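I'd like to go over a predicted model; first the sequence, then the structure.
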Amino acid sequence: MLLLIVVAAIFAIPADAWADVPQVVTSPRIPVAELGWALLLGALAFAGAGGGQNLCQSNWIRDKGFGMGAYVPRIVSPITGEPEAAPSTGYVFAPTEEQSGTIIEENPAMAPYTIPANTYKGQTEPLETVAMWNFFITSADMPESLVYEMTKIAMEQHDRMMTVHSTAEETLPENYIHNKFLPFHPGAVRWFEENGYEIPDELKGS
């Protein structure tokens with residue numbers, strides 16, 4: 001720990017500050033005039049034993065693997081190079097099938113989803129999770145003909161949708177099956193059924 005402080009002091013403190021060391025040693029004083037008593041005492045309070053104790057406790061919890069400290073990245077020794085540091089991306093809690101089922105049961109808008117590998121930094125494997133599909137929401141009072149044309153555009157012009165936003169990649173007619181709770185507007189029902197997709201009776205709006 002002492003070596004780490006020494007190394008940090010050498011590289012973190014600029015040269016002009018080191019040049020003032022002789023004056024600090026030979027003519028020490030409290031910089032009240034420059035800082036003012038309020039700022040000076042506040043700085044001393046924040047730099048006091050409380051902060052140091054918190055730092056020691058945090059390091060102990062991390063190094064001993066106590067509780068959530070088991071998932072906090074380690075500090076690599078500049079001398080031995082051990083222990084090996086954990087990824088800076090932290091720890092990911094992958095949901096179990098039971099947990100996913102509970103989430104989906106309580107939140108019908110959610111659905112099982114797989115995040116492809118390398119979607120995020122440090123994520124080298126696919127990650128099973130839950131996600132929410134995008135829905136087009138409209139009033140039941142909107143004219144059927146208008147909703148029909150809107151559905152037609154969204155479902156039949158996929159390439160054009162992709163030029164607007166990449167999330168449109170999965171805005172595909174076959175993904176209608178993931179809606180298990182919102183009623184389809186009659187205009188949307190008409191387009192889907194004309195194109196061979198069967199909407200369950202309980203999901204047909206009126």
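Received the coordinates, thanks.

so residue 135, which of the three states?
coil (DSSP: H, G, I helix; E, B strand; the rest coil).

which residue sits closest to it in space, ignoring its chain neighbours?
The spatial neighbour of residue 135 that comes closest, neighbours along the chain excluded (Cβ to Cβ, 6 or more residues apart in numbering), is residue 182 at 6.1 Å. Just so you know, the C-beta spots here come from the backbone N, C-alpha and C atoms, and that holds for glycine as well.

Give me the pLDDT value at the one you found.
pLDDT for residue 182: 87.

how's the protein carved up into domains?
Residue ranges for the domains of the chain, per automatic domain parsing: 2-71, 92-132, 133-206.

What segments of this protein are helices?
Applying DSSP state H to the chain gives helices spanning 2-12, 15-19, 21-26, 32-35, 37-46, 49-64, 97-106, 144-156, 158-164, 186-194.

Burial check on residue 185, number of neighbours?
Each residue near residue 185 was counted by other Cβ atoms under 10 Å, and the total is 26.

so it touches residue 137, yeah?
No - counting by Cβ atoms under 8 Å, residue 185 stays clear of residue 137, with 9.6 Å between them.

so where's the chain shaky on pLDDT?
Along the chain, the model assigns pLDDT under 70 to residues 1-13, 17-18, 20-21, 23-35, 40, 43-53, 55, 68, 71-94.

same thing but at 90, please
Along the chain, the model assigns pLDDT under 90 to residues 1-140, 153-154, 157-173, 175-182, 205-206.

ok, back up a step: let me see the contact set for the residue nearest to residue 135.
For residue 182, the contact set (Cβ atoms under 8 Å, 6 or more residues apart in numbering) comprises 135, 137, 203.

Which one of these sits in the busiest neighbourhood?
Of those, with other Cβ under 10 Å as the count, residue 203 tops at 14 neighbours.
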